[in-house]
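Student: What follows is a predicted protein model with its sequence.
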4 protein chains.
Amino acid sequence: MPLAAVIPKPNANVEVREFPAPELEQDSAILAVELSEVCGTDVYLQRGLLDGVPYPLIPGHVSVGHLSKIRGRMNDVEGQPFREGDRVTFLDVHRTCNACWSCLVAKATTCCPQRKVYGITYGANDVLAGGWAEEVYLKPGTRCIHMNAAPERFMAGGCALPTALHAVERADISIGDTVLVLGSGPVGLNAIVLAVMRGALRVLCIGAPRQRLDAALEMGASRVLNFEEHNEVERHEWLMTDGRLPDVTIEATGHPDAVVQAMRFTRDAGRVVIVGQYTDHGPVSDRAAFNPHLDLNKKHLDVRGCWGSDFSHFYRAAQLVSDPSRSAPWAKLQPRLSRFGLAQANEALSAVASGEVLKALIDPRV
Amino acid sequence: MPLAAVIPKPNANVEVREFPAPELEQDSAILAVELSEVCGTDVYLQRGLLDGVPYPLIPGHVSVGHLSKIRGRMNDVEGQPFREGDRVTFLDVHRTCNACWSCLVAKATTCCPQRKVYGITYGANDVLAGGWAEEVYLKPGTRCIHMNAAPERFMAGGCALPTALHAVERADISIGDTVLVLGSGPVGLNAIVLAVMRGALRVLCIGAPRQRLDAALEMGASRVLNFEEHNEVERHEWLMTDGRLPDVTIEATGHPDAVVQAMRFTRDAGRVVIVGQYTDHGPVSDRAAFNPHLDLNKKHLDVRGCWGSDFSHFYRAAQLVSDPSRSAPWAKLQPRLSRFGLAQANEALSAVASGEVLKALIDPRV
Amino acid sequence: MPLAAVIPKPNANVEVREFPAPELEQDSAILAVELSEVCGTDVYLQRGLLDGVPYPLIPGHVSVGHLSKIRGRMNDVEGQPFREGDRVTFLDVHRTCNACWSCLVAKATTCCPQRKVYGITYGANDVLAGGWAEEVYLKPGTRCIHMNAAPERFMAGGCALPTALHAVERADISIGDTVLVLGSGPVGLNAIVLAVMRGALRVLCIGAPRQRLDAALEMGASRVLNFEEHNEVERHEWLMTDGRLPDVTIEATGHPDAVVQAMRFTRDAGRVVIVGQYTDHGPVSDRAAFNPHLDLNKKHLDVRGCWGSDFSHFYRAAQLVSDPSRSAPWAKLQPRLSRFGLAQANEALSAVASGEVLKALIDPRV
Amino acid sequence: MPLAAVIPKPNANVEVREFPAPELEQDSAILAVELSEVCGTDVYLQRGLLDGVPYPLIPGHVSVGHLSKIRGRMNDVEGQPFREGDRVTFLDVHRTCNACWSCLVAKATTCCPQRKVYGITYGANDVLAGGWAEEVYLKPGTRCIHMNAAPERFMAGGCALPTALHAVERADISIGDTVLVLGSGPVGLNAIVLAVMRGALRVLCIGAPRQRLDAALEMGASRVLNFEEHNEVERHEWLMTDGRLPDVTIEATGHPDAVVQAMRFTRDAGRVVIVGQYTDHGPVSDRAAFNPHLDLNKKHLDVRGCWGSDFSHFYRAAQLVSDPSRSAPWAKLQPRLSRFGLAQANEALSAVASGEVLKALIDPRV
């Protein structure tokens, strides 16, 4: 009878509950969770800010653990079967249909109407489907990946890593570019690492608070600015230190106005990737008033929305953190992670919401 | 002593003035104008709505005529010299430096600080540099193109054609796509022609007034909607007739709010090109309030600002209208053009501003 | 007991055999074939020139007909169920796994090790899986598309149309480009139509025999050359008539040497798509000796292999032929098609092999 | 009266000659050379293997030194004037016209008919135009760049660095890719550095001799193989160690057969960049016989010829070697460079030809 931390309904406290052991369908498995995490989306889930979420909900969409039980066969992408005892992670997007117009013609699986996500759109009444639990039930068709890295190393990237990888892929960085990252939360920090890994000459970060900006520097940022201490004009000046605005800006803040600032902070004919708007925080404020002539048309910017990620991003993310050399940046983040037990999930959520921790992990064995 | 129509200063009436015959530098020429045109930008120039314009100004940036005098040598792109008497048009962008960071590293010549445009950023005190005149002085380095088509055929496209060609290039249309064009002015009409020419299956147009929508249908639009008669909700419903929003939207309206509507009217993971915001009409209104989560991030749209055009667009445009088969759509527009003499330039401007003519030409020989 | 035409083994004559009526799995269907076709691949299948083909084989990978029986549910890409009596076509690629590295990371479903193709890699001992038959068994997961066009209209494109659409997609044609198509078989003819549909200014074709070149002109080619009457030097001269080699070449010949010629016939920095090498005809001959410096590096060409097609190409192809306006070119081809019964399959194969027919259809009701 | 090393005619020994001090045109300058280099192309120039080279020739197309004299004004890309005494390098491509079809429509400046290159297509009878000299005459319009790095650091990259940067740009590497570099000469070594800098997970190198492979490992290659000790089958096996062929191959060998091997060594749907064929070494040999079906079409490869480089590559290269952090790999190469005086140019050429030195520099002050 596995335990799991549950959000019973929007704005209610998380509770630890006991669940019946799942019965395995053909070609399914049980993951004995070693680590899961608390991401910004989980904070919004607890506040009821996402549409289409079936409460009660067991959060935790990116997790790592051991396959404690397999019924039938689950294969890796090489077509080789997993074995009981293997350490794996799995793509939180469980189901896309590979049969609809979005999957097959638009080739945008993120728009598939059948898309279901562990820990977000699968509720506790569906299956034991979130990582804040001793066990996760991996339904048939779940895409698992062997995890060769230590769980802490992988979780130092966590769900922010494939998200940032998708954003950096869309950012189309050239060797020698100057890249601005707006935001210094997990997605921002991962975007810094990956922008460096793409050959950016300079990676700048505007964020807060101080400890996250310190982490940004450690991740490879050339310079950082605390947005709480500088207004938009000062930020613009700071960016112009090198004589020119950045070639590429990756917005990873969560604040609507940052989207317009991202456009203003980017050089003419540059690229802007919007990845920090996963939750509806309403329209851009009057203060940031979006002017299509000045902010977009005359600058002939490319502005690219970036939603979710697919297996390719997750797979490449897992490769990076499993590689002794490539995983070095995440190794630096590892000691800065904060670990919480299932019973401490509420504390974990508030620590993430306040930004007092860099990243909160859920360890069901604590 | 050639005559030219001049905007003396912002918001003043156009006056016809006599200019001294220009003295030719080495490798320059005189164009005896046959036809020039009045585009939306000229209306804004008369109202003083563009920055960096040196008044008094002779408008008219796209024109066609004969080379009445050549001093030295002017070559076409094949390296062959033009001869006196040749019928040509010329790229309005006279000067980009091919030596700055924008030209050489960013490869965005539209951002070159040396960029100068006939009829817009060259004033009447610089040179005889606008097409609303009996003669235009073609400075050394001006890029001329042989015009094999009749002047009226070419002007049926006019400056809107290379602009729309650039927009359609950025729109990245696939064979079979549904394309929405917002706006039925000259850029919108040309965008319709070119979207069909790229293999779109359906091209929809939302615009006004009725006579322009009729022209849109003639240009190849499958369906048109009068935006004056339908609110945003109704427009959305009309678009959904085929069960799905358009793959691509090209905004060519001139109204800031249309930029946000363009995003809302496009399917998830589609493309939006913003080409209708050449003048600063201020920010998006509260009614259209831009919501980055709903309008951009969650839809993972590509939104592409499109500013100006370069020689490649102008050259390809001239090829299209010079081709007997490809120029068929513009042949249909030809009889709908309205012709004004230099002395009627004020009438021409107000006819364009009100939308009562589809397109106004300036014929200095009238 | 449906009849089907069968290739018993390589180099054996086709025989008509009776097959037991298939038993339907859950979510499968029977297609009552109206028309199938003979393509170049079928000629090679009969000669045993493709690897991995399980004989005996019922050829015919692109077909159209009615769903005479459905067990369970088969959906279209909109998620709507098909009904018995619906006229459909179906993608010949039945199975890709959506679970392997090729499908999920490389996003190259054509490399999926599970890929199975009706009429090519499904043999007669697997299922009733080829279109040269009264009935085809559509296994669960087969992607059907409603066919609104007349079967003859669709088959005027046939399997060559999605193949050419994939090639033209890879060719990255710009408005105003000159496109050369090498080969005037079905793929070449479809490539001509689609290159025009992408906005090419001129489409040139080098092929044979005369009747196919006539068809090429009817499909929109500007000029054609009979390769049997002109050697490589003369072909090069003919191409240079416009002063410059083509921007894009699409090779659709079936002859290895044409690949090197395609490179030589394309302008520096142009694009070459290789789509005519579906069968192993051995290496390039000494006469065409491939020189990487002259033919590739110094020309900085992009040379793009093009193998198979996916659902998106098939879907867009079906849309084109179903559209009253877009299908006009195929309407012109319709009267030139030759129709054969099952018992005449050997005649059909030899008529295709010799090029004496433009296209051979198999009509099992004849 | 500056000294320069001259190739009098093909296959003749290099001679040191005295030249008259050049008279400066308006907006030109003299570079007092600190370092130039010997690249593979120089070996071929001495052997007369390049077309269109005007002998006698002063080789040396990439050099660094001080501006000893400026007449008029020479600007950097920011529009700021250089001053006498500034340390600079300059782009070897002096002239492209920015007025022809290649420059303006195809946007392929490498095909401009006016293109002239210092040390290759400018001969000693034109101007003092090669770097194997005490002075180089920088004609008006020459693109100089401030060199903040030590000359040795910059020359550790040399002309191979922008060439490799162009190749890696065309290679379109994704984060996590496996990249194979064929060849371990200067272009190969730089390609290794840059492939790592783009986020490749593994970079493999097949080359020779041993000392260059050691350098390859130091530059970041994961594994290396000596092609002299392993035949094609063994190389293929070695590549398959990770279970799959590389995603991307960059050919930088100089041997025609390597082009076909590059295709065979790349996974289906991967990319191949051909950058090692700057000189005509004739066609692919019978041993490597190019089979378009197996090597290209069925693999649906992208094969991309890569010729020369433009200012953007050169500028980004200069930025990399000037950056304390990014220049680390070239710092490692620095101690492995061999320095020769003008009078030792023949020894330098033969040391490069035999591969006994990693890289030979020409120091006119020795």
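Tutor: Looks like it arrived, so ask away.

Student: Skip the chain neighbours and tell me the closest residue to the closest residue to chain D within the stretch 251-366 of chain A.
Tutor: Chain D sits closest to A:Arg316 of the stretch 251-366 of chain A, with a gap of 3.6 Å, by C-beta to the nearest C-beta. For glycine as for every other residue, the C-beta is placed from the backbone atoms N, C-alpha and C. The shortest distance from A:Arg316 to any non-neighbouring residue, by C-beta to C-beta, 6 or more residues apart in numbering or on different chains, is to D:Gly176 (3.6 Å).

Student: That neighbour and chain B: what is the separation?
Tutor: 21 Å (C-beta to the nearest C-beta, to the nearest Å).

Student: isn't that residue right up against D:Gly199?
Tutor: Yes - between D:Gly176 and D:Gly199 there is a contact at 6.9 Å, judged by C-beta atoms under 8 Å.

Student: which is the next helix or strand following whichever strand or helix holds the residue of the stretch 251-366 of chain A closest to chain D?
Tutor: Following DSSP states H and E, one finds A:Arg316 within helix A:311-322. Counting by DSSP H and E, the next helix or strand C-terminal to helix A:311-322 is helix A:328-333.

Student: so how many other residues sit close to A:Ile362?
Tutor: 27 (other C-beta atoms under 10 Å in any protein chain shown).

Student: which residues sit in contact with it?
Tutor: By C-beta atoms under 8 Å, 6 or more residues apart in numbering or on different chains, the contact set of A:Ile362 is A:5, A:35-38, A:60, A:131-132, A:340-342, A:345, A:348.

Student: residues contacting the closest residue to it other than its chain neighbours?
Tutor: Excluding the flanking residues, the one nearest A:Ile362 by C-beta to C-beta, 6+ apart is A:Ser36, at 4.4 Å. A:Ser36 sits next to A:60, A:62-64, A:130-133, A:155, A:361-362, A:364 when contact means C-beta under 8 Å, 6+ apart.

Student: Could you rerun that using 6 Å?
Tutor: A:60, A:63, A:131-132, A:362 (C-beta atoms under 6 Å, 6 or more residues apart in numbering or on different chains).

Student: so is it in a helix, a strand, or just coil?
Tutor: strand (DSSP: H, G, I helix; E, B strand; the rest coil).

Student: neighbours of A:Gln26, just the number please.
Tutor: For A:Gln26, using other C-beta under 10 Å, the count is 8.

Student: Contact residues of the stretch 251-366 of chain A facing chain C?
Tutor: A:311-312, A:315 (C-beta under 6 Å from any C-beta of the partner chain).

Student: what's the answer for the stretch 101-250 of chain A, then?
Tutor: A:101, A:104-105.

Student: got those residues as JSON lines, with secondary structure columns?
Tutor: Formatted as JSON lines, these follow (three-state DSSP):
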{"residue": "A:Trp101", "secondary structure": "helix"}
{"residue": "A:Leu104", "secondary structure": "helix"}
{"residue": "A:Val105", "secondary structure": "coil"}
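
Student: Look up phi and psi at A:Ala208.
Tutor: phi -170, psi 160 (degrees, to the nearest 10).

Student: Isn't it up against A:His230?
Tutor: No - taking C-beta atoms under 6 Å as the definition, A:Ala208 is not a contact partner of A:His230, at 10.1 Å.

Student: who's more crowded, the two?
Tutor: With neighbours defined as other C-beta under 10 Å, A:Ala208 and A:His230 compare such that A:Ala208 has more, 18 against 14.

Student: how close does the residue lying closest to that one once chain neighbours are set aside sit to A:Ser184?
Tutor: With C-beta to C-beta, 6+ apart as the criterion, A:Ala208 has its nearest non-adjacent residue at 4.7 Å, and that residue is A:Glu228. For A:Glu228, the distance to A:Ser184 (C-beta to C-beta, to the nearest Å) stands at 11 Å.

Student: Could you check which of these two is surrounded by more residues?
Tutor: Between A:Glu228 and A:Ser184, counting by other C-beta under 10 Å, A:Ser184 is the more crowded of the two (32 against 9).

Student: so what's that one up against?
Tutor: A:205, A:207, A:212-213, A:216 are the contacts of A:Ser184 under C-beta under 6 Å, 6+ apart.

Student: Cross the residues you listed against strands and list the overlap.
Tutor: Counting by DSSP state E, the part of these found in strands is A:205, A:207.

Student: Separate out the buried members of the contacts of A:Ser184.
Tutor: Neighbour counting by 16 or more other C-beta atoms under 10 Å in any protein chain shown classes A:205, A:207, A:212-213, A:216 among the contacts of A:Ser184 as buried.

Student: count of residues packed around the closest residue to chain C within the stretch 251-366 of chain A?
Tutor: Taking C-beta to the nearest C-beta, chain C has its nearest neighbour within the stretch 251-366 of chain A at A:Phe311, 4.3 Å off. Using other C-beta under 10 Å, A:Phe311 has 22 neighbouring residues.

Student: Not counting its neighbours along the chain, what's nearest it?
Tutor: C:Leu104 (4.3 Å).

Student: burial measure for that neighbour, as a count.
Tutor: 21.

Student: how much space is there between it and chain D?
Tutor: 13 Å.

Student: any idea how far that residue is from D:Ala269?
Tutor: C:Leu104 is 13 Å from D:Ala269, by C-beta to C-beta.

Student: Next, the buried residues of stretch A:123-143.
Tutor: Buried, per 16+ other C-beta under 10 Å, within stretch A:123-143: A:123-124, A:127-140, A:142-143.

Student: I'd like the mean pLDDT over that stretch, please.
Tutor: Average pLDDT, stretch A:123-143: 95.

Student: Tell me which residue of the stretch 1-150 of chain A lies closest to chain D.
Tutor: Closest point on the stretch 1-150 of chain A to chain D, by C-beta to the nearest C-beta, is A:Glu78, at 6.6 Å.

Student: Model confidence score at that residue, please.
Tutor: pLDDT, read off for A:Glu78, is 94.

Student: what's the burial count for it?
Tutor: Residues near A:Glu78, counting by other C-beta under 10 Å, number 11.

Student: Let me see the contact set for it.
Tutor: No contacts exist for A:Glu78 under C-beta under 6 Å, 6+ apart.

Student: Quick check: which element contains it?
Tutor: Here A:Glu78 is assigned to no helix or strand, by DSSP H and E.

Student: Go ahead and flag the most central residue of chain A.
Tutor: A:Ala160 (2.6 Å; C-alpha atoms, centre = their mean).

Student: So it versus A:Trp307, what's the distance?
Tutor: Counting by C-beta to C-beta, the gap from A:Ala160 to A:Trp307 is 15 Å.

Student: got it, and A:Leu225?
Tutor: Taking C-beta to C-beta, one finds A:Leu225 at 27 Å from A:Trp307.

Student: Check A:Ala12 too.
Tutor: 28 Å.

Student: same for the worst-scoring helix or strand of chain A on mean pLDDT, what does it pack against?
Tutor: Here the helix or strand of chain A ranked lowest by mean pLDDT, DSSP states H and E is strand A:93-95, holding a mean of 92. Packed against strand A:93-95, as judged by 3 or more C-beta pairs under 6 Å, 6 or more residues apart in numbering or on different chains; DSSP states H and E, are the following elements: strand A:116-117.
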